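A.B. asks: missing the sequence, but the structure's below:
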């Protein structure tokens, strides 16, 4: 089953900037850059301060997405 969407905030404060849909969400791990999700949009979420804040939403890379990426890469090499 696909993982639930994740809520995240870019450390540069770019949450909710138009035109980011489909962008990779990456993290550093053991000195490498790893794609962990795909940005799919943004929403407003009430935080501890009682105010609404813009937060970004990402779809974690699951087996279905990983297989689609592998297939597209294989087709590109042919």
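C.D. replies: Looks like it arrived, so ask away. This is a predicted model, so every value here is computed, not measured. Numbers count the residues shown, from 1 in each chain.

A.B. asks: three-state assignment of residue 65?
C.D. replies: Under DSSP: H, G, I helix; E, B strand; the rest coil, residue 65 falls in the helix class.

A.B. asks: count the residues that sit near it.
C.D. replies: Residue 65: 16 surrounding residues under other C-beta atoms under 10 Å. All C-beta spots, glycine's among them, are computed from the backbone N, C-alpha and C.

A.B. asks: residue 50 too?
C.D. replies: 6.

A.B. asks: then residue 4?
C.D. replies: 8.

A.B. asks: could you check how far the spatially closest residue to it that is not a sequence neighbour is from residue 73?
C.D. replies: Spatial nearest neighbour of residue 4, chain neighbours left out: residue 60 (7.9 Å); criterion: C-beta to C-beta, 6 or more residues apart in numbering. Distance, residue 60 to residue 73, by C-beta to C-beta, to the nearest Å: 19 Å.

A.B. asks: residue 38 now?
C.D. replies: Distance from residue 38 to residue 73, by C-beta to C-beta: 16 Å.

A.B. asks: these two: who's more crowded?
C.D. replies: More crowded of residue 38 and residue 73, by other C-beta under 10 Å: residue 38, with 16 against 9.

A.B. asks: parallel or antiparallel, list what pairs with the host helix or strand of the more buried one.
C.D. replies: Assigned by DSSP states H and E, residue 38 belongs to strand 32-46. Strand 32-46 sits in its sheet next to strand 24-29 (antiparallel), strand 52-60 (antiparallel), going by DSSP bridges.
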